[in-house]
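Enquirer: structural data only, the sequence is not supplied:
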């Protein structure tokens with residue numbers, strides 16, 4: 001397995017994430033007592049582990065996944081339940097891919113539904129990703145969260161739309177279940193030229209709970225670069 005110690009690119013990316021964490025602390029959290037939503041994935045884990053003592057003391061957090069909740073507990077963060085979601089000040093999250101229109105595909109870690117609830121509820125949204133996540137056109141499968149009872153029906157409709165859905169499974173072959181008790185169909189499409197239309201059509205399928213498309217633009221994007229620095233992309237609202 002490649003680690004920062006034996007992979008220079010990972011080491012530089014980690015340097016970039018550390019700089020991003022410092023910038024987020026300085027410009028989006030500061031010394032305020034904020035309610036912060038945490039997404040999932042490697043980039044969010046890096047940010048959590050970089051939180052200063054003042055953030056640990058003053059801020060409260062809502063986590064979307066067990067992975068990040070464990071990181072947060074180790075860091076000593078104050079974790080609240082979902083009843084506080086409407087009062088979120090800022091959400092910090094990653095993305096699997098971000099296209100030229102700043103639409104996103106998320107859900108590689110399986111928390112797309114919870115992440116979207118926090119994302120759309122927060123006053124400010126901060127997205128963090130390395131340079132490889134920023135693409136011209138989507139080139140990966142779209143995670144779709146589906147109730148188990150609707151599995152075969154939803155697969156049928158997705159195939160009719162030209163999709164190639166695959167049931168996400170665990171290492172031993174068992175179906176992967178989200179923390180909501182649902183399954184995920186990772187679905188590849190021939191093209192993603194009209195994301196808005198594709199999103200509407202998928203969401204009309206009975207049994208589909210949520211897609212990994214995130215259409216609403218984030219407040220700010222951080223791109224970790226190969227050289228250990230980062231690029232700031234601020235307030236993208238061109239549609």
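Expert: All right, it came through fine. Bear in mind the structure is a predicted one, so any value in this text is a computation, not a measurement.
Enquirer: then residue 69 would be within a helix, right?
Expert: Yes: checked against DSSP: H, G, I helix; E, B strand; the rest coil, residue 69 lies within a helix.
Enquirer: measure it to residue 81 for me?
Expert: Separation of residue 69 from residue 81 (Cβ to Cβ, to the nearest Å): 11 Å. From N, CA and C alone the C-beta is placed, and that goes for glycine too.
Enquirer: likewise residue 131?
Expert: Distance from residue 131 to residue 81, by Cβ to Cβ: 36 Å.
Enquirer: who's more crowded, these two?
Expert: The residue with more neighbours, out of residue 131 and residue 81, is residue 131; 14 against 8, by other Cβ atoms under 10 Å.
Enquirer: please tell me how far that one sits from residue 223.
Expert: For residue 131 relative to residue 223 (Cβ to Cβ), the value is 6 Å.
Enquirer: cool, residue 97 as well?
Expert: 13 Å.
Enquirer: shared neighbours of the two, anything?
Expert: Among the neighbours of residue 97, those also in contact with residue 223 (Cβ atoms under 8 Å, 6 or more residues apart in numbering) are 133, 134.
Enquirer: which stretches of this protein form strands?
Expert: All strands of the chain, identified by DSSP state E, fall at 35-38, 60-63, 78-79, 90-93, 97-98, 104-105, 124-130, 142-146, 164-167, 183-188, 208-211, 213-214, 220-224, 230-234.
Enquirer: may I see those organised as JSON lines, with mean neighbour count and distance to residue 112 added?
Expert: Converted to JSON lines, the strands of the chain look like this (neighbours: other Cβ atoms under 10 Å; distance: least, Cβ to Cβ, whole Å):
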{"stretch": "strand 35-38", "mean neighbour count": "24", "distance to residue 112": "14"}
{"stretch": "strand 60-63", "mean neighbour count": "23", "distance to residue 112": "15"}
{"stretch": "strand 78-79", "mean neighbour count": "12", "distance to residue 112": "21"}
{"stretch": "strand 90-93", "mean neighbour count": "26", "distance to residue 112": "11"}
{"stretch": "strand 97-98", "mean neighbour count": "22", "distance to residue 112": "13"}
{"stretch": "strand 104-105", "mean neighbour count": "26", "distance to residue 112": "9"}
{"stretch": "strand 124-130", "mean neighbour count": "23", "distance to residue 112": "14"}
{"stretch": "strand 142-146", "mean neighbour count": "26", "distance to residue 112": "5"}
{"stretch": "strand 164-167", "mean neighbour count": "16", "distance to residue 112": "15"}
{"stretch": "strand 183-188", "mean neighbour count": "22", "distance to residue 112": "8"}
{"stretch": "strand 208-211", "mean neighbour count": "21", "distance to residue 112": "6"}
{"stretch": "strand 213-214", "mean neighbour count": "24", "distance to residue 112": "8"}
{"stretch": "strand 220-224", "mean neighbour count": "23", "distance to residue 112": "18"}
{"stretch": "strand 230-234", "mean neighbour count": "14", "distance to residue 112": "22"}
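Enquirer: to residue 52, which of the ones you listed lies closest?
Expert: strand 35-38 (13.0 Å; Cβ to Cβ).
Enquirer: neighbouring strands - and their directions - for that closest one?
Expert: Sheet pairing of strand 35-38 (DSSP bridges) gives strand 60-63 (parallel), strand 90-93 (parallel).
Enquirer: quick check: bridge partners of residue 231?
Expert: Beta-bridge partners for residue 231, by DSSP bridges, are residue 223.
Enquirer: isn't it up against residue 223?
Expert: Yes: under the criterion of Cβ atoms under 8 Å, residue 231 makes contact with residue 223 at 4.3 Å.
Enquirer: need the residues that contact stretch 150-160.
Expert: With Cβ under 8 Å, 6+ apart as the criterion, stretch 150-160 contacts 144, 146, 165, 167, 183, 185, 187, 202, 205, 206, 207, 208.
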